[in-house]
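**Q** I'd like to go over a predicted model; first the sequence, then the structure.
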Amino acid sequence: MNHLHRDTKASTKLMLIGWGVLLAIPACLYTFSVTMFPRIELDAAFAQLLYWITSTGTAPYGITTGIVILIACYQTLNRAEFLKLVMAVSIAMATTLSLNHFLKPYFAEPRPNAALMAQESLLNTNEFYQHNKADKRELLTQSIKQLKLSRSDINLSPAIEGHWQHEVGYAFPSGHTLFAVTLALVVSFYLLLAGQTLLPLVLLSWAISMGLSRMWLGMHWSQDVLASTVIGGLIAFASIAVMQQVTLSSHWLRKLSTNNR
């Protein structure tokens, strides 16, 4: 039990360091008022790469991402730790989805791409967000056509244009960042507990890339990504803490953990 306790403390410490790394980039961008959009050519190969990264957190592909990660964990963790991971991930994902659904209309913050079109007098964001989803998509489609005519420096690839038309909700918080940060931290804790380091590093890099992709593609501001990273980390730690308590109070989980050591 003492050995397990030391492992838990070490894993928690590494998880905190990873969370700090995730927070550093959006915190610096926000502190120094650095905007990431529009800074890159949105029809270039790099933008397409960012689109594929962001797609790993977009429904329904985000479900596939989660399944792939869990399969990789199943090959690595013992039965008890994998079961606790699945339960912790389930708690975390349910919490992030609920919070994202509640917070977006509460803060009602326009996305950077919508703000740009409002700046070009192509869209009235106050009126735009009052429409239903289908009407917003139609209005955004028309505004994008006008934007490409008025701004020769902004060209969208078909995939990114389609993504803009699909994502017509409010900006704050970033659901993609919440998903990536929470999933990466929860999974990394159990992998670190099992002595694994490579996959946690991959997951950390993926979560960082997710936040950057959301900002570069004009979907979120730095404060959205920063706040989502803070919230995602808190949810991850809370979900793990809940599972630790469930393990201590559940006879069959405690027995399963003992049998798998």
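**A** Alright, I've got the coordinates. Residues are numbered from 1 along each chain as shown.

**Q** pLDDT below threshold where in this structure?
**A** By pLDDT under 70, the weakly predicted segments of the chain are 1-6, 248-261.

**Q** Could you measure from Leu156 over to Ala114?
**A** Leu156 is 14 Å from Ala114, where distance means C-beta to C-beta, to the nearest Å. In short, each C-beta sits where N, CA and C put it, glycine included.

**Q** Between these two, which is the more surrounded one?
**A** Per other C-beta atoms under 10 Å, whichever of Leu156 and Ala114 has more neighbours is Ala114, with 27 against 21.

**Q** and the more buried one, what does it touch?
**A** Residues near Ala114 by C-beta atoms under 8 Å, 6 or more residues apart in numbering: Leu123, Thr125, Phe128, Leu140.

**Q** With respect to Val225, which of those residues is nearest?
**A** Set against Val225, the nearest of the contacts of Ala114 by C-beta to C-beta is Thr125 (20.0 Å).

**Q** Without its sequence neighbours, what residue ends up closest to the closest one?
**A** Pro110 (4.3 Å; C-beta to C-beta, 6 or more residues apart in numbering).

**Q** quick one: secondary structure of the one you found?
**A** coil (DSSP: H, G, I helix; E, B strand; the rest coil).

**Q** Check the gap between it and Leu97 for me.
**A** For Pro110, the distance to Leu97 - C-beta to C-beta - is 22 Å.

**Q** and if you look at Gly175?
**A** Distance of Gly175 to Leu97, computed by C-beta to C-beta: 8 Å.

**Q** Report the distance from the helix or strand containing Ile25 to the chain centre.
**A** Using DSSP states H and E, Ile25 maps to helix 2-31. Remark: helix 2-31 is offset 17 Å from the chain centroid, using C-alpha atoms, centre = their mean, to the nearest Å.
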